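Q: Generate coordinates for the sequence data below:
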Amino acid sequence: MTLPPISTDEREQLAAELALGVLQGEDLVRARSLYAADTQFRSSVGEWLGRFAPLLEEVEPVEPGPQVWPSIERRLGAPAAANDNVQSIRRKLSLWRGIAVGASALAASLAVVVLTRAPEVAPPFAAQAPPSMVAMLGDERTGGLLVASWQPAQNSLRLSAATPLPGDPAHSHELWVIPADGTPRSLGTLATAAKMQMRVDRQLSRQLQEGATLAVSVEPVGGSPTGLPTGPVIASGKLERA
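A: Here you go, the predicted model:
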């Protein structure tokens, strides 16, 4: 299917909304088509995932209680037995959900603008926390595969996959850090989930510096038997300040 051309600004907005997961309908179809065919668009989505990652780490997911939507229905004044009003209620609830999603996306976008544009002013003599860093792992063929977000203050490495890593009962995916000395150090094997979190050994965390490379290799089940990568490297990327 041939999609009509869009401007650079529209492409960037589409990439950001795909990273947030708020697209629907034709916009979602267009974004997925661009992601599959356009390396530059995949890179843009990966960059937005990296920008959003620190924000998402600060928000704990909360499930609404079972009383929320019945309470909304009562406030809208919809008799339960009136079938002709049920469809109206559902349309209103869909609208409310859409507004909630849009508000969340707008809040996240505004937070990104604040984080990326507002200068940080440290109080006099205050100790500066180590900077957070982000790496987009991929290759020339697949584009962005994983976004890694390193939070040194929490000793936390979080990974978000644009597409889940392929499951293979005969192999494991192993994550490596390659610092300036060029010697890979294993950070552990990866699950196939779309989002993962790792606690890094304090000794190893010293290697997670700006400019270090993160890489994913395919290894035997349980990881490399030699302490070094033995299989093909399917994704890599350098750590940069978030």
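
Q: Show the low-confidence segments of this protein, by residue range.
A: 1-4, 53-65, 68-69, 73, 76-129, 140-144, 163-164 (pLDDT under 70).

Q: tell me the domain ranges of it?
A: 8-57, 68-117, 133-241 (automatic domain parsing).

Q: Would you convert the ones you listed into CSV that also reports mean neighbour count?
A: (Glycine included, C-beta is placed from N, CA and C.) Shown next, in CSV, are those (neighbours: other C-beta atoms under 10 Å):
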stretch, mean neighbour count
domain 8-57, 17
domain 68-117, 12
domain 133-241, 17
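
Q: Might you report the residue contacts of residue 234?
A: Residue 234 is in contact with 139, 142, 145, 173, 216-218, counting by C-beta atoms under 8 Å, 6 or more residues apart in numbering.

Q: my guess is residue 137 is in a strand, correct?
A: Yes: when DSSP: H, G, I helix; E, B strand; the rest coil is applied, residue 137 is found to be in a strand.

Q: what's the distance between it and residue 191?
A: 15 Å (C-beta to C-beta, to the nearest Å).

Q: ok, now residue 180?
A: From residue 180 over to residue 191 (counting by C-beta to C-beta), the distance is 29 Å.

Q: In this structure, what residue spans correspond to strands?
A: Listed in chain order, the strands of the chain (DSSP state E) span 133-139, 143-151, 156-161, 171-178, 185-190, 195-199, 213-220, 233-238, 240-241.

Q: Report the strands that pair with the fifth one, each with its relative direction.
A: In its sheet, strand 185-190 lies beside strand 171-178 (antiparallel), with partners assigned from DSSP bridges.

Q: what's in contact with stretch 204-216?
A: 131, 133, 135, 137, 145-146, 148, 150, 152, 155, 157, 165, 173-180, 184-185, 187, 190, 200, 229, 233-241.

Q: let's see it at 7 Å
A: Here stretch 204-216 makes contact (C-beta atoms under 7 Å, 6 or more residues apart in numbering) with 133, 135, 137, 146, 148, 150, 152, 155, 173, 175-179, 185, 187, 190, 200, 233-241.

Q: For the strands of the chain, please prepare JSON lines with the additional fields distance to residue 51.
A: What follows is the strands of the chain, written out as JSON lines (distance: least, C-beta to C-beta, whole Å):
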{"stretch": "strand 133-139", "distance to residue 51": "8"}
{"stretch": "strand 143-151", "distance to residue 51": "9"}
{"stretch": "strand 156-161", "distance to residue 51": "12"}
{"stretch": "strand 171-178", "distance to residue 51": "21"}
{"stretch": "strand 185-190", "distance to residue 51": "22"}
{"stretch": "strand 195-199", "distance to residue 51": "16"}
{"stretch": "strand 213-220", "distance to residue 51": "18"}
{"stretch": "strand 233-238", "distance to residue 51": "15"}
{"stretch": "strand 240-241", "distance to residue 51": "12"}
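
Q: so which of these gets nearest residue 48?
A: strand 143-151 (9.2 Å; C-beta to C-beta).

Q: Strand 171-178 and the closest one, what's the angle between them?
A: Angle, strand 143-151 to strand 171-178, by axes from the mean of the first three to the mean of the last three C-alpha atoms, to 10 degrees: 60 degrees.

Q: so strand 143-151 versus strand 233-238, what angle?
A: Going by the same axes, to 10 degrees, strand 143-151 makes 50 degrees with strand 233-238.

Q: Quick check: the gap between residue 25 and residue 74.
A: In this structure, residue 25 and residue 74 are 31 Å apart, going by C-beta to C-beta.

Q: If you could redo that for residue 186, that was the one I meant.
A: From residue 186 across to residue 74, the span is 56 Å (C-beta to C-beta).
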